[in-house]
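*Asks:* okay, sequence plus prediction incoming.
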Amino acid sequence: MTQHNSNQDFTFSIKRIRFDEHYQPSSNTRLTTNFANLARGESRQENLRKTLAMINNRFNALASYDNPTADRYAVEIDIVSVDIDVQGNGETFPTIEILQPTIIDQKTNQRIEGIVGNSFSSYVRDYDFSVLLPAYNQDQAKFSIPENYGDLHGKIFKSFIASDAYQDKFHKAPVICLSVSSTKTYHRTANVHPILGLEYRQDEYSLTDAYFEKMGLKVRYFMPPNSAAPFAFYHSGDLLNDYSELELIGTISTMETFQKIYRPEIYNANSSAGQTYQPSLKYQDYSLTQIVYDREERTQLAIEQGKWTEQHFIKPYKTILEQWSNNYAV
């Protein structure tokens, strides 16, 4: 499905693929994407089966009311891929990949649309973080960020959310749920939400927080019941009131499962975060899931994909992208 957005000159198209035990990453999926990494190698089917079981179990644990046998709900996940057509000539570039859970209430046979977002992958972000930023800092005495860093990416994202393609398919604004930053310290507040759990705050934005702000997203940090650490929830509206409890549980169960697999030092730690918390990937007291995941490969791939983006998107469309970005108005 392709639709033109009347107040912008880029066209977005959306494709869906089910993330289940038969999932095969498509040729233009960012392979650094965590779910794609799980779906490769000889353990792929077992990885996928176990991942989905973890998501369902966590969902039922959080949605415990009227659920005595803890098996009332099942979660289906779609990978939503977004392509952008910059020149309106039908040639597209893969821009964004996000997830959307659907919650199946097996007691009432009802299908409940979950929140779109969850994980967030973007080729342009790979370019910004893995190519542009290191190149800019090569000759700097101390780490700094280029002027207008993240502007183009933020405007592409906002343009997509405002597009007919998004508005026709999704009824609510996205929520992205990511790991907290290992360079920052988080402090627990007195605020407790029944589903999102204990709220934390921190004194300054991480690089990722600032990058997501350019996408029009604010951040709040919550540690759900029985989680080991807080998560960063990036959202544009009112996180606590715009979404139902089941919708929020869909996001938590999906993203906590992925984070336990690929950041076990933080999210599968054997003790949970205290009043003051600094996440660390060097933390030793954690458990491993039974799921095989290659973190080193992911770092390498991010660099390769950043270079690929530079070659196939940033450089060829440089003039168009600059003009569009300079004229872009929300």
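*Replies:* Thanks, I have the structure now.
*Asks:* list the contacts of Arg49.
*Replies:* Residues in contact with Arg49 (Cβ atoms under 8 Å, 6 or more residues apart in numbering) are Glu21. Every C-beta, even on glycine, is put in place using the N, C-alpha and C of the backbone.
*Asks:* one more: Ser253?
*Replies:* 55-56, 58-59, 62, 75, 101.
*Asks:* how near is it to Ile314?
*Replies:* 36 Å (Cβ to Cβ, to the nearest Å).
*Asks:* about what we covered before: which members of the contacts of Ser253 occur in strands, if any?
*Replies:* When DSSP state E is applied, the contacts of Ser253 are split such that 75, 101 fall in strands.
*Asks:* contact partners for the closest residue to Tyr243 other than its chain neighbours?
*Replies:* Nearest non-adjacent residue to Tyr243, counting by Cβ to Cβ, 6 or more residues apart in numbering: Ile115, 6.0 Å away. Ile115 makes contact with 100-101, 172, 174-175, 243, 247-248, 250-251, according to Cβ under 8 Å, 6+ apart.
*Asks:* output the residues you listed as CSV; include the columns distance to Tyr200, secondary structure and pLDDT.
*Replies:* Formatted as CSV, the contacts of Ile115 follow (distance: Cβ to Cβ, whole Å; DSSP: H, G, I helix; E, B strand; the rest coil; pLDDT from 0 to 100):
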residue, distance to Tyr200, secondary structure, pLDDT
Gln100, 26, strand, 96
Pro101, 24, strand, 96
Lys172, 24, coil, 96
Pro174, 22, coil, 97
Val175, 17, strand, 98
Tyr243, 19, coil, 97
Glu247, 21, helix, 97
Leu248, 17, helix, 98
Gly250, 22, helix, 97
Thr251, 17, helix, 97
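*Asks:* quick one, phi psi at the spatially closest residue to Pro174 that is not a sequence neighbour?
*Replies:* What sits nearest to Pro174 in space, not counting adjacent residues and going by Cβ to Cβ, 6+ apart, is Gly117, at 3.4 Å. The phi/psi pair for Gly117 (degrees, to the nearest 10) reads phi 130, psi -100.
*Asks:* what's the neighbour count on Gly117?
*Replies:* 23 (other Cβ atoms under 10 Å).
*Asks:* before we move on, back to that, of all the contacts of Ile115, which comes closest to Arg188?
*Replies:* Leu248 (19.3 Å; Cβ to Cβ).
*Asks:* what is the burial count for that closest one?
*Replies:* 25.
*Asks:* what sits against it?
*Replies:* 115, 195-196.
*Asks:* repeat that for Ala232.
*Replies:* Contacts of Ala232 (Cβ under 8 Å, 6+ apart): 177-181, 208-209, 219-221.
*Asks:* model confidence for the spatially most central residue of the chain, exactly?
*Replies:* Centroid-nearest residue in the chain: Ser119, 2.1 Å away (criterion: Cα atoms, centre = their mean). We note a pLDDT of 90 for Ser119 in this prediction.
*Asks:* quick one on the thing from earlier: quick one: which of the contacts of Ile115 has the most company?
*Replies:* Gly250 (30 neighbours).
*Asks:* low-confidence stretches in the protein?
*Replies:* For the chain, applying pLDDT under 70 flags the ranges 1-8, 25-43, 292, 294-298, 330.
*Asks:* quick one: the helices in it?
*Replies:* Counting by DSSP state H, the segments of the chain that form helices are 34-38, 44-62, 123-127, 133-137, 151-162, 164-169, 207-213, 245-262, 264-267, 295-309, 318-327.
*Asks:* of those, which is nearest Asn191?
*Replies:* Of those, nearest to Asn191 by Cβ to Cβ is helix 245-262, at 14.9 Å.
*Asks:* how about the residue of the chain most remote from its centre, phi and psi?
*Replies:* Relative to the centre of the chain, and counting by Cα atoms, centre = their mean, the farthest-placed residue is Ala141 at 32.2 Å. Here is the backbone geometry of Ala141 (degrees, to the nearest 10): phi -70, psi -40.
*Asks:* can you count the residues close to Ser287?
*Replies:* 10.
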